[in-house]
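Colleague: just need the structure, nothing else, for what follows:
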Amino acid sequence: MCHICDPVGTRVTENNMIQKESITFGDLGVSLDLLKVLNAKKLIHPTPIQEKCISLGFAGKDIVGIAQTGTGKTLAFGLPAIEHIRKNHGKCIVMLPTRELAIQVNDVLSGLGRQFRIKTALLIGGVSSFPQNVALKKNPEIIIATPGRLIDHINRRNCDLRNVNFVVLDEADRMLDIGFMPQIREILKSIPNKRQTMLFSATIPTAISELSAQYMNCPTRIEASPSGTSAPNIKQEAYIIYSEEKQPLLKMIIQENNGGSVLVFTRTKYRAKKIASVLRQFDISAVEMHSNRSLAQRKSALDGFKSGKFQVLVATDVAARGLDIDDISLVVNLDLPGSSEDYVHRIGRTGRAGKSGRAVSFVEPNEKFKIKQIERLMKKSIRIIQGPQNLPRLEVPEPPRQNFARPSRPEKFEWGRNKKPSQQKVHSYGRNKKRFSQTQRSRKQW
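Modeller: Okay, here's the model as predicted:
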């Protein structure tokens with residue numbers, strides 16, 4: 001469960017930091033009317049990233065925050081943004097890498113801003129731009145967007161950023177991986193230099209450091225949870241098996257999970273589709289989620305997985321960051337990710353809010369070095385298990401065969417088949433008469 005939705009009381013964050021009961025949002029300088037809204041939502045005590053960012057955000061400081069997903073970053077920048085808009089009558093823009101994260105942030109900020117008549121607009125790809133144009137014409141104070149769709153609206157002159165004085169870049173390293181950095185630079189150039197900027201990232205690569213140095217004013221660096229930090233209540237295991245043994249072992253582990261929610265990560269979207277299809281043929285309710293699915297399909301899959309309609313969600317790394325999914329008891333890495341940081345994000349979907357979780361990875365013999373890299377990053381050992389011997393072969397039930405025989409034509413069209421052989425030959429010669437005559441002439445000339 002996402003930490004911004006945790007119940008009241010002592011909280012256990014992803015890096016096992018227990019928040020003291022004595023620290024409340026009121027101690028951070030939050031106004032009384034905004035405190036009433038937070039109390040109504042049962043939000044009393046801030047998480048570490050919220051405690052460090054909110055007071056500096058109220059002071060107008062630029063911030064570079066290093067924090068993992070699920071640590072409550074939405075309120076860390078959302079509360080300063082709302083207070084900034086109320087005092088300075090400005091505008092705020094929040095950029096995120098994926099549609100799902102943008103929808104989630106919009107739900108939180110619109111719920112808080114509605115109490116103060118602060119309007120929000122959600123600009124994401126994969127859907128019609130007409131409702132977004134209508135929302136922009138209402139002059140919203142907060143714009144939540146993915147960079148690609150925001151650039152599209154700017155080029156069409158639907159969105160004017162000249163009055164924006166508060167900017168948030170969330171999951172900046174993920175936007176860098178996707179290739180959004182040129183769009184981000186173009187957007188920041190169109191926003192006035194006199195602004196407050198908050199940047200959040202799980203890691204700080206060179207490109208992010210250059211971005212903060214170029215577009216931020218003496219930013220304060222806040223490190224709430226170091227890169228590679230994982231929850232200690234996650235039981236991590238790695239099976240050493242060959243590729244053809246992964247599907248039988250996956251089926252066996254899911255059946256042993258006793259109906260609990262299972263999140264399966266694959267390397268490619270085509271493999272995610274195949275695995276979900278195979279599981280469904282064994283009466284395991286599974287759905288896939290990847291970039292080839294439309295926004296409506298991805299939202300339906302996510303809602304069905306949250307509500308328990310689907311036991312298994314097979315996804316690519318699009319579901320590895322920041323998604324608010326409750327009570328995932330098991331995460332399976334069917335394919336190891338490309339980087340060690342992505343592994344930490346993947347297993348962070350389980351063991352949330354102090355609950356116990358389990359993470360299982362399938363490792364081929366030639367991938368053992370990746371486990372060493374992950375252990376070095378997390379500074380924690382992973383239990384290595386030799387794959388079960390003589391796994392039963394996964395025999396996928398064949399779908400019922402369909403009759404693809406060509407339907408018989410009506411009787412009036414059968415005249416071509418009832419021709420005599422001599423007539424068919426004449427017809428064939430007549431159709432190729434020109435070609436035969438050319439061949440005969442060339443032979444005579446030769």
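Colleague: output the below-cut-off pLDDT ranges for the stretch 251-400 of the chain.
Modeller: For the stretch 251-400 of the chain, residues meeting the criterion pLDDT under 70 lie at 319-320, 322-324, 326, 353-354, 393-400.
Colleague: quick one, strands of it?
Modeller: In the stretch 251-400 of the chain, the strands defined using DSSP state E, counting those that start in this stretch lie at 261-265, 286-289, 312-315, 328-333, 357-363, 383-386.
Colleague: looking at the ones you listed, which is nearest to Ala135?
Modeller: Using C-beta to C-beta as the measure, strand 286-289 is the one of those that comes nearest Ala135, at 26.0 Å. The C-beta positions use only the backbone N, C-alpha and C, and glycine is treated the same way.
Colleague: mind checking how far the closest one is from the chain centre?
Modeller: For strand 286-289, the distance from its own C-alpha centre to the chain's C-alpha centre is 13 Å (C-alpha atoms, centre = their mean, to the nearest Å).
Colleague: who does that strand pair up with?
Modeller: strand 312-315 (parallel) (DSSP bridges).
Colleague: for the spatially most central residue of the chain, what are its contacts?
Modeller: Compute the mean C-alpha point of the chain, and by C-alpha atoms, centre = their mean the closest residue is Val318, 2.8 Å away. For Val318, the contacting residues are 98, 100, 289-291, 298, by C-beta atoms under 8 Å, 6 or more residues apart in numbering.
Colleague: likewise Gln183?
Modeller: The neighbourhood of Gln183, defined by C-beta under 8 Å, 6+ apart, consists of 147-148, 150-151.
Colleague: state whether it is indeed within a helix.
Modeller: Yes - residue state for Gln183 (DSSP: H, G, I helix; E, B strand; the rest coil) corresponds to a helix.
Colleague: please tell me I have it right and Gln386 contacts Glu237.
Modeller: No - contact criterion C-beta atoms under 8 Å: Gln386 and Glu237 do not qualify, at 11.4 Å.
Colleague: neighbour count winner among those two?
Modeller: Per other C-beta atoms under 10 Å, whichever of Gln386 and Glu237 has more neighbours is Glu237, with 13 against 8.
Colleague: pairing partners for that one in the sheet, please.
Modeller: Per DSSP bridges, residues listed as beta-bridge partners of Glu237: Val360, Arg383.
Colleague: so Pro248 makes contact with Gln389?
Modeller: No - with contact defined as C-beta under 8 Å, Pro248 does not count as touching Gln389 (11.8 Å).
Colleague: looking at the two, which is more packed in?
Modeller: A direct count of neighbours by other C-beta under 10 Å for Pro248 and Gln389 places Pro248 higher, at 17 against 6.
Colleague: quick one, phi/psi of the more buried one?
Modeller: Backbone torsions of Pro248, given as degrees, to the nearest 10, read phi -60, psi -40.
Colleague: need the pLDDT of it.
Modeller: The confidence metric pLDDT takes the value 91 at Pro248.
Colleague: wait, what's in contact with the closest residue to Gly126 other than its chain neighbours?
Modeller: Among residues not flanking Gly126 along the chain, Leu295 sits closest, at 3.8 Å (C-beta to C-beta, 6 or more residues apart in numbering). Taking C-beta under 8 Å, 6+ apart as the definition of contact, the neighbours of Leu295 are 99, 124-127.
Colleague: neighbour count, pLDDT and secondary structure added to those, as a markdown table?
Modeller: Conversion of the contacts of Leu295 to a markdown table gives the following (neighbours: other C-beta atoms under 10 Å; pLDDT from 0 to 100; DSSP: H, G, I helix; E, B strand; the rest coil):
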| residue | neighbour count | pLDDT | secondary structure |
| --- | --- | --- | --- |
| Arg99 | 20 | 88 | helix |
| Ile124 | 22 | 93 | coil |
| Gly125 | 16 | 88 | coil |
| Gly126 | 15 | 82 | coil |
| Val127 | 15 | 87 | coil |
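Colleague: filter the contacts of Val318 to the buried ones?
Modeller: Burial of those was assessed by neighbour count (16 or more other C-beta atoms under 10 Å); the buried members are 98, 100, 289-290, 298.
Colleague: so which of the residues you listed are in helices?
Modeller: Applying DSSP state H to these, the entries found in helices are 100, 298.
Colleague: buried residues in stretch 210-227?
Modeller: Within stretch 210-227, the residues scored as buried using 16+ other C-beta under 10 Å are 211-212, 215-216, 219-220, 222, 224-225, 227.
Colleague: go on, stretch 77-87?
Modeller: Taking 16+ other C-beta under 10 Å as the neighbour-count basis, stretch 77-87 is seen to contain the buried residues 77-86.
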